[in-house]
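Enquirer: Got a predicted model here, sequence first, then my questions.
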Amino acid sequence: MILTVNGVSFRYNSRKVLDSIDFRLRKNELLVILGPNGVGKTTLLKCLNAILRPTAGSILVEDRDIMGMDQMEIARDLAYVAQQSQSGRLTAFDAILLGRRPHINWRVRREDICKVESIIRTLHLEDLALRSLDEMSGGEIQKVNIARALVQEPRVLLFDEPTSSLDLKNQVEVMEILDHIVKGHGLAAVITMHDLNTAFRFGHRFLFMKGGRIAYALDREDVTASVIEDVYGIRVELVFVGDIPVVVPSDSHGSPVRCEDFPSRNMDGTRSAPLKAWP
């Protein structure tokens, strides 16, 4: 296992935010943490990176407890990208180069420059390299953030809402990049998300959080409407497109929508009824 989380709890003063969190993460896995606002998703990510110190439990990266490591050691194993990042006048190249900080002593080496150039080519960011971050769109900045995380050469990537505020095209591009990186480079990723349909399209495993605890730990094929209803408190139906579940919420009156009105494919691959006019 790359990442092992045992009984992690956390309190803000007297308020318990996380309660006995347990999970394991293998290489080539993309784990998505889901749940309503305020259930502790971001707090959990910050505990995994030791930005916040758990009040109980342990977090192991390949059998090494991060609580016994300093920040530079942690940064060599885990790269964290927050939901909100600063832009400023840095160029994309300089921002990505900052990801080499855990490996740099007194000066930037030619090796560090080469690694930055390689990541820029891999993610096709050549046109952005010398542009300032404050001149970029949200999707472009997020791709730079991914590049900066990758150039750290971590074992585990931690992303808090990586597709937040992005348009559909950039959501898909960012998640395709992460999926390709995780599968192709022997890494693992832990991602928090609110968009269930994007999560189910790209995620490999899912933790549903409720009240600071893990309510369900499921593979994609085990996700059901009742799980989503229990966690989010809203009636839904699942329409399958291939083997990917798509969440269709109830209407404003609490009645389930007519999922038969949506074109999709059944679990056996046959096409369902064609799209009907929406009433």
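Expert: Structure's in. What do you need?

Enquirer: How are the helices of the stretch 151-279 of the chain distributed by residue range?
Expert: Counting by DSSP state H, counting those that start in this stretch, one finds helices in the stretch 151-279 of the chain at the ranges 168-184, 196-202, 225-232.

Enquirer: most neighbours per residue, which of those helices?
Expert: Comparing these by mean neighbour count (mean count of other CB atoms under 10 Å), helix 196-202 ranks first with a mean of 20. No exception for glycine: its C-beta is placed from N, CA and C like everyone else's.

Enquirer: just for the stretch 51-200 of the chain, where's the confidence low?
Expert: By pLDDT under 70, the low-scoring segments of the stretch 51-200 of the chain are 84-88.

Enquirer: what's the closest non-adjacent residue to the residue most central in space within the chain?
Expert: The centroid of the chain falls nearest to residue 191 when counting by CA atoms, centre = their mean (1.8 Å). Closest residue to residue 191 apart from its sequence neighbours, by CB to CB, 6 or more residues apart in numbering: residue 159 at 4.6 Å.

Enquirer: do the same with residue 224
Expert: Here the residue nearest residue 224, using CB to CB, 6+ apart, is residue 238, at 7.1 Å.

Enquirer: Identify the residues contacting stretch 224-234?
Expert: 34-36, 196, 208-210, 215-216, 218, 235-238, 247, 249-250 (CB atoms under 8 Å, 6 or more residues apart in numbering).

Enquirer: Which of the residues you listed fall in strands?
Expert: Residues of the contacts of stretch 224-234 located in strands (DSSP state E): 34, 208, 209, 210, 215, 216, 218, 236, 237, 238, 247, 249.

Enquirer: thinking again about what came up before, just the buried residues out of the contacts of stretch 224-234, in PyMOL syntax.
Expert: A single PyMOL command suffices to select whichever of the contacts of stretch 224-234 are buried according to 16 or more other CB atoms under 10 Å:
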select buried, resi 34+35+196+208+209+210+215+216+235+236+237+238+247
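
Enquirer: Enumerate the beta-bridge partners assigned to the residue nearest to residue 224.
Expert: On the basis of DSSP bridges, residue 238 is bridged to residue 247.

Enquirer: In contact with it, which residues?
Expert: Contacts for residue 238 (CB under 8 Å, 6+ apart) come out as 223, 224, 225, 228, 245, 246, 247, 248, 259.

Enquirer: Let me know the pLDDT of residue 274.
Expert: In this prediction, residue 274 carries a pLDDT score of 48.
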